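**Student:** Predicted model and sequence below, questions to follow.
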Amino acid sequence: MRLLAAYEAAVHVGGGNGFLRENGLYSSLISDRRRTRDAGLLRGRTASAVVGRPNADQVELARLRRQLDVAPRRLVRTEAALVIMEKVCHEHGRTSQKGLPISDPQPSM
């Protein structure tokens with residue numbers, strides 16, 4: 001876990017490849033460790049514990065947990081975009097007070 005955390009910190013500052021070279025590691029090892037961590041297989045285990053590959057259920061659970069972590073941020077971003085779009089449409093007279101779209105006004109002659 002320490003190597004994975006150190007690698008991820010190095011990636012944030014642009015030194016991921018250098019970290020791998022300095023420690024004699026392959027990126028596949030980091031990928032495997034990240035996959036097992038995300039699947040929850042490393043929780044409560046010692047650093048020397050042998051951990052196998054995650055089964056299909058564990059992989060699916062990890063994927064769903066990642067989606068659940070991202071969902072609130074996506075919701076906030078989507079709601080903010082809707083507020084902005086509503087303001088823009090209201091400024092251009094494109095919506096009613098209830099937020100329902102109004103048909104385009106007829107050009108004046």
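**Tutor:** Great, that's in hand. Numbers count the residues shown, from 1 in each chain.
**Student:** so Leu20 sits right up against Tyr26, yeah?
**Tutor:** Yes. Taking C-beta atoms under 8 Å as the definition, Leu20 is a contact partner of Tyr26 at 7.0 Å. In this view, the C-beta of every residue, glycine as well, is placed from N, C-alpha and C.
**Student:** More neighbours: which of these two?
**Tutor:** More neighbours surround Leu20 than the other of Leu20 and Tyr26, with 18 against 9 (other C-beta atoms under 10 Å).
**Student:** got the buried residues for the helix ranked longest in the chain?
**Tutor:** Criterion DSSP state H: the longest helix present in the chain is helix 56-91. For helix 56-91, a neighbour-count test (16 or more other C-beta atoms under 10 Å) marks Gln58, Ala62 as buried.
**Student:** Show me what it is packed against.
**Tutor:** helix 27-38 (3 or more C-beta pairs under 8 Å, 6 or more residues apart in numbering; DSSP states H and E).
**Student:** Restrict the helix it packs on to CA atoms and write it as CSV.
**Tutor:** Only the C-alpha atoms of helix 27-38 are listed here, as CSV (Å, rounded to 0.1, in the frame of the first residue of the first chain):
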residue,chain,number,x,y,z
SER,A,27,3.4,-0.4,-14.2
SER,A,28,1.5,-3.7,-14.3
LEU,A,29,2.3,-4.3,-10.7
ILE,A,30,0.9,-0.9,-9.8
SER,A,31,-2.2,-1.7,-11.9
ASP,A,32,-2.7,-5.0,-10.1
ARG,A,33,-2.3,-3.4,-6.7
ARG,A,34,-4.7,-0.6,-7.5
ARG,A,35,-7.3,-3.2,-8.8
THR,A,36,-7.0,-5.3,-5.6
ARG,A,37,-7.2,-2.2,-3.4
ASP,A,38,-10.3,-0.9,-5.3
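**Student:** what is the mean pLDDT for it?
**Tutor:** Across helix 27-38, pLDDT averages out at 79.
**Student:** so it versus helix 56-91, what angle?
**Tutor:** Helix 27-38 runs at 80 degrees relative to helix 56-91, counting by axes from the mean of the first three to the mean of the last three C-alpha atoms, to 10 degrees.
**Student:** Now do helix 27-38: distance to the chain's middle.
**Tutor:** Averaged C-alpha coordinates place helix 27-38 at 17 Å from its chain's average position (C-alpha atoms, centre = their mean, to the nearest Å).
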